[in-house]
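Peer 1: Coordinates for the following, if possible.
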Amino acid sequence: MTDRSSDDESGLRQGEIAVALPPQSDAGLYFIGTIHTPWHTRRECPKRGSFDGPICSIVVDERWRMALTGLAGHRRIQVLYWMQRARRDLVLQTPFSTMRTTGTFALRSPVRPNPIASSIVELVAVDGTSVQVRGLDCLDGTPLIDLKPERGASE
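Peer 2: Residues are numbered from 1 along each chain as shown. Below is the predicted model:
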């Protein structure tokens with residue numbers, strides 16, 4: 001466990017604590033596509049997606065094309081994605097918004113042991129393996145884990 005009392009080269013803020021990550025992972029994932037958004041840095045990216053935000057494109061790998069069958073019949077879908085640039089070792093974090101040190105599991109921060117994110121988005125269109133949506137809040141090039149219709153959101 002590492003406790004730093006001030007900002008330094010480790011990137012920790014006052015009060016933050018990082019732990020050593022396990023030597024190996026417990027499960028495997030298949031990224032099923034890539035998300036394309038207008039945001040290239042965390043600073044540009046909104047903290048929450050908005051249904052009136054820009055249209056973003058989710059490109060599903062060709063092998064999963066048939067899995068999109070029927071998706072267009074839903075108004076909203078849940079997008080699960082992997083925040084590949086997120087730090088994974090913090091157990092205590094000090095968000096800039098509050099500057100109050102808080103446990104990782106009590107925050108919606110992208111910094112988590114398993115940086116899986118979930119967004120409910122408005123489905124705009126499905127064209128081949130391209131899914132157009134509004135309401136995402138992730139960086140361009142983010143790996144896609146899964147798509148699911150929002151419960152009770154079918155048309």
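
Peer 1: mind checking which helix or strand of this protein has the lowest mean pLDDT?
Peer 2: Sorting the helices and strands of the chain by mean pLDDT, DSSP states H and E puts strand 2-3 at the bottom, at a mean of 52.

Peer 1: helix or strand right after that one?
Peer 2: strand 17-18 (DSSP states H and E).

Peer 1: Can you list the strands that that following strand pairs with?
Peer 2: Sheet pairing here is set by DSSP bridges, and for strand 17-18 it gives strand 2-3 (antiparallel), strand 90-93 (antiparallel).

Peer 1: Run the chain-centre distance for that strand.
Peer 2: When C-alpha coordinates are averaged (Cα atoms, centre = their mean, to the nearest Å), strand 17-18 and its chain have centres 21 Å apart.

Peer 1: Tell me which helix or strand comes right after that strand.
Peer 2: In the C-terminal direction from strand 17-18 (assignment by DSSP H and E), the next one is strand 33-36.

Peer 1: pLDDT (mean, whole number) over that next one?
Peer 2: Strand 33-36 comes out with an average pLDDT of 98.

Peer 1: What helices and strands are in contact with the very next helix or strand once past that strand?
Peer 2: Helices and strands here follow DSSP H and E; after strand 33-36, the next one along the chain is strand 55-60. Applying 3 or more Cβ pairs under 8 Å, 6 or more residues apart in numbering; DSSP states H and E, we find strand 55-60 packed against strand 33-36, strand 130-134, strand 142-149. To be clear about C-beta, it is placed using only N, CA and C from the backbone, and glycine gets the same treatment.
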